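[1] 3D, please:
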Amino acid sequence: MTLRVVYCGTPDFAVPALEALARLDEVAGEPVELVAAYTQPDRPAGRGKKLTASPVKQAALGLDLPVEQPLSLRDEDAQARLAEYRPDLLVVAAYGLILPQSVLDLPRLGAINIHASLLPRWRGAAPINRAIEAGDTETGITIMQMEAGLDTGPMWHKLPEPIHADDTAATLHDRLAPLGATALIEALPRIVRGEGAPEPQDDAESCYAAKLAKAEGRVDWREPAELIERRVRAFNPWPVAQTMLEGQPLRLWGARLADGSDGVTPGEVVAVTADGIVVQTGRGGLELTRVQRAGGRPIAAADFARGRSLEGVRLGE
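    The predicted structure follows:
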């Protein structure tokens, strides 16, 4: 009996698992057939707002897979189209559409999700960013049986991954994406054979990773330096931490903790060093190491400061 799999995903994070599935010949003695890829509709992107296919669509076309891009899976016609593929299993990774119960019930093995955290911690849309922002030292991948609740389903498999002190959301994403593929391939035999039951989540241990908002990038210099430094990393590559300098936005791509100065107003530049620009915060100093002016490119903060008189200048609104 052939295992017919439909894959649902959209961003770069979801590509390694799709490619790993495409390389599979069999799982638990069953031949595997990847029968279709579902992804979000093409969206305008870039300065020219040109319609652009999602990374999963681009990868799926490269694998000669049929691609489906419904606006919603609540629609009866969309559900009928999915049923025509006769899937035994849905594999979902950062798809971006809600799967109603009727869709979850369609395949005989249901739907499993590749989630970028160690559930039940960081359910929701931005688990990588929120883990860094909170100062977590470990995250990982969870393979979860999907149910109607948001990331509440029982767990088949987990793989941990450390969060390094210099990790940004971008660097951590780039390690978790292939780890998601590994976790999926490791979990599939047990799922297909129906060995045991997945582990229920402890709701008391859960927390929510809210979707990022652009406004969160604005730095409040009254916050402690430790928190601002974590947000600089958590919001890289989007929405990017930023402040105002002399009435113009200044994006912050890199920062590290530094000694502050007592009695100085938060946001004031207290020193310009060989490595960057030290700004007073609500508690301690923060050395900016990489910055970007509007219309420019990211550069070393030390290069940005060269030739400018910044000591005593106050950053912020």
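[2] Look up how far residue 254 lies from residue 291.
    With distances taken as C-beta to C-beta, to the nearest Å, residue 291 is found 8 Å from residue 254. Bear in mind the C-beta positions are built from the backbone N, C-alpha and C, glycine included.
[3] what is in contact with these two at once?
    residue 301 (C-beta atoms under 8 Å, 6 or more residues apart in numbering).
[4] For these two, indicate the residue with more neighbours.
    Higher neighbour count among residue 291 and residue 254: residue 291, with 25 against 20, using other C-beta atoms under 10 Å.
[5] ok, that one touching residue 299?
    Yes: counting by C-beta atoms under 8 Å, residue 299 is a contact partner of residue 291 at 6.8 Å.
[6] On the three-state scheme, residue 227 is what?
    Following DSSP: H, G, I helix; E, B strand; the rest coil, we place residue 227 in the helix state.
[7] Per-residue pLDDT of residue 50, please?
    On the pLDDT scale, residue 50 is placed at 89.
[8] Same question for residue 316.
    pLDDT for residue 316: 93.
[9] for residue 301, phi and psi?
    Torsion angles at residue 301 (phi, psi; degrees, to the nearest 10) stand at phi -60, psi -30.
[10] what sits against it?
    Neighbour list for residue 301: 254, 275, 276, 277, 287, 288, 289, 290, 291 [criterion: C-beta under 8 Å, 6+ apart].
[11] try 7 Å
    Neighbouring residues of residue 301 by C-beta atoms under 7 Å, 6 or more residues apart in numbering: 276, 277, 288, 289, 290, 291.
[12] all helices for the stretch 51-200 of the chain, in order.
    All helices of the stretch 51-200 of the chain, identified by DSSP state H, counting those that start in this stretch, fall at 55-62, 76-84, 101-104, 127-134, 169-193.
[13] most packed of those helices?
    helix 127-134 (a mean of 24; mean count of other C-beta atoms under 10 Å).
[14] Not counting it itself, show me its contacts.
    With contact meaning C-beta under 7 Å, 6+ apart, helix 127-134 is reached by 115-117, 122, 139, 163, 167, 169, 172-173, 176, 209, 212, 230-231, 233-235.
[15] now with 8 Å?
    With contact meaning C-beta under 8 Å, 6+ apart, helix 127-134 is reached by 115-117, 121-122, 124, 139, 163, 167-169, 172-173, 176, 209-210, 212, 230-231, 233-235.
[16] between it and helix 169-193, how many degrees?
    In terms of direction (axes from the mean of the first three to the mean of the last three C-alpha atoms, to 10 degrees), helix 127-134 departs from helix 169-193 by 130 degrees.
[17] Could you export helix 127-134 as CSV, CA atoms only?
    The C-alpha trace of helix 127-134 is given here as CSV (Å, rounded to 0.1, in the frame of the first residue of the first chain):
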residue,chain,number,x,y,z
PRO,A,127,8.3,30.8,18.2
ILE,A,128,11.8,31.5,17.0
ASN,A,129,11.7,35.2,17.7
ARG,A,130,9.9,35.0,21.0
ALA,A,131,12.3,32.4,22.4
ILE,A,132,15.3,34.7,21.7
GLU,A,133,13.4,37.7,23.0
ALA,A,134,12.6,35.9,26.3
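[18] May I ask you to confirm that residue 37 is in contact with residue 55?
    No: the pair residue 37 and residue 55 fails to qualify as a contact (C-beta under 8 Å) at a distance of 11.1 Å.
[19] ranges for the strands of the stretch 1-150 of the chain?
    3-9, 26-27, 30-38, 43-45, 50-52, 67-68, 89-93, 111-115, 123-124, 138-145 (DSSP state E, counting those that start in this stretch).
[20] The longest one: which residues count as buried?
    Burial within strand 30-38, assessed by neighbour count using 16 or more other C-beta atoms under 10 Å, is assigned to 30, 32, 34, 35, 36, 37, 38.
[21] Sounds good, over and out.
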